[in-house]
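Visitor: got a sequence here, can you build the structure:
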Amino acid sequence: MSAVETFELTKYFSRGKVKALQSCSLQVDHGTIFSLLGPNGAGKTTLIKILIGILHPTRGHATLLNQPFWNHKIHSRMGYLAENHRFPEFLTAGQILYYYGKMSGLNKLLLRERIPALLQQVKLTDWEKVKIRKFSKGMLQRLGMAHALINDPDLIFLDEPTDGIDPVGRREIRDLLKSLRDTGKTIFLNSHLLSEVERVSDEVAILRDGKVLQKGRVDDFISIKQQFQLRLQEGDLPAHQVCQELKIPLSESNGLYNVAVKDDAHLNQLIDRLRENNTYIQAIIPRKISLEDYFIEVIEAKEGVPN
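Guide: Next comes the predicted model:
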């Protein structure tokens, strides 16, 4: 069952001159972290704004948590962190969460319990009574995360959630997102930090010029099919000779053997042959590229393709 599903969503501006989103169809499963990738102007923020009701599509349809996206009642089960969000600087962190919680329909008793817990989750416990004009950009991002979670949402939209946060803070946000996913929540993420996306996401979609170019699981994108790295303790017959006999390309880097096989049977044939020659196999590691490399490859492959 899908937490988010879009059907041919399209958004034009300036009487059709600007095609921000073109026939966008996506499906996001419940209890997953889904990331939307794309260069500047690809349509990522436009899509999120349509889903949360800030913009109306030119055409198309979507469902959120099995309800029509235009049904405002579904907003009570959603959280949202906007890019470059702003809070009133004369308020404290605790007051921000209290007032926004009240606007979400939460009562005082529940907020008294929830606010300290949320501030602890985002490492702002000691700053509850400090006016946010004294907050750094990273601290404001943490507070924004707490704000997005104030109503204990089932579906959370996050637009650049780790922007301005240091490496330690980004790791803590990653851990928070994973723990939220593990409780069954769905996270729809928009980020340009591809190394962070790679570490936390279950699935990604790549947009360019408002169109979906690729969608799938992160591991499927970054894995290099039928290529492996082997860590070996040499036996009677050198690995080079074994690979030569089996017609398997081999190279060495950083103490590892890089091999390219035809299929799983070919890999098992190599393993059997190495063992026959008393070679101790310490590790077999599938070769991967970074999500950033894959992203650039997809975007550059589409350069020059007419819209």
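Visitor: any idea how far the spatially most central residue of the chain is from residue 102?
Guide: Geometric centre of the chain, nearest residue: residue 35, 3.4 Å, by Cα atoms, centre = their mean. Taken as Cβ to Cβ, to the nearest Å, the spacing of residue 35 relative to residue 102 amounts to 32 Å. All C-beta atoms are positioned from the backbone trio N, CA, C, and that covers glycine.
Visitor: what's the helix or strand for the residue nearest to the centre of the chain?
Guide: Using DSSP states H and E, residue 35 sits in strand 33-37.
Visitor: I'd like the average pLDDT over the helix or strand that that strand is followed by.
Guide: Where DSSP H and E defines the elements, the next helix or strand beyond strand 33-37 is helix 44-51. Rounded to a whole number, the mean pLDDT of helix 44-51 is 92.
Visitor: got it, and stretch 134-141?
Guide: 90.
Visitor: check stretch 88-103 too.
Guide: Regarding stretch 88-103, the rounded mean pLDDT is 94.
Visitor: now what about it, what contacts it?
Guide: Under the criterion Cβ atoms under 8 Å, 6 or more residues apart in numbering, residues 87, 110-111, 114-115, 118-119, 124, 127-133, 135, 143, 146-147, 150-151 lie in contact with stretch 88-103.
Visitor: where's residue 57 relative to residue 196, distance?
Guide: From residue 57 over to residue 196 (counting by Cβ to Cβ), the distance is 29 Å.
Visitor: now residue 174
Guide: For residue 174, the distance to residue 196 - Cβ to Cβ - is 7 Å.
Visitor: for the strand or helix carrying residue 243, give me every contacting residue.
Guide: In this structure, residue 243 is located in helix 239-245 according to DSSP H and E. Outside of helix 239-245, the residues within contact range by Cβ under 8 Å, 6+ apart are 230, 232, 249, 250, 257, 259, 270, 273, 274, 277, 279.
Visitor: taking those together, which two end up most distant?
Guide: Put simply, by Cβ to Cβ the two of those set farthest apart are 249 and 277, 19.1 Å from each other.
Visitor: which of the two has more neighbours?
Guide: Here residue 249 and residue 277 are set side by side on neighbour count (other Cβ atoms under 10 Å), and the busier one is residue 277, at 14 against 11.
Visitor: the more buried one contacts residue 233, doesn't it?
Guide: No - between residue 277 and residue 233 no contact is recorded; they are 11.6 Å apart, counting by Cβ atoms under 8 Å.
Visitor: still on that earlier bit, can you pick out the residue with more neighbours from residue 174 and residue 196?
Guide: Of the pair residue 174 and residue 196, residue 196 is the one with more neighbours under other Cβ under 10 Å, namely 22 against 16.
Visitor: residue contacts, the more buried one?
Guide: By Cβ under 8 Å, 6+ apart, the contact list for residue 196 reads 162, 170, 174.
Visitor: tell me who's in contact with the second one.
Guide: Residue 170 makes contact with 162, 193, 196 under the criterion Cβ under 8 Å, 6+ apart.
Visitor: so which of those comes closest to residue 27?
Guide: Each of these was checked against residue 27 using Cβ to Cβ; the closest is residue 196, at 22.9 Å.
Visitor: re earlier: quick one: the contacts of residue 196 as a markdown table, columns for distance to residue 211, pLDDT and secondary structure too.
Guide: Rendered in a markdown table, the data for these read as follows (distance: Cβ to Cβ, whole Å; pLDDT from 0 to 100; DSSP: H, G, I helix; E, B strand; the rest coil):
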| residue | distance to residue 211 | pLDDT | secondary structure |
| --- | --- | --- | --- |
| 162 | 26 | 83 | coil |
| 170 | 29 | 86 | helix |
| 174 | 29 | 88 | helix |
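Visitor: would you turn those residues into TSV with distance to residue 9?
Guide: What follows is the contacts of residue 196, written out as TSV (distance: Cβ to Cβ, whole Å):
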residue	distance to residue 9
162	26
170	30
174	29
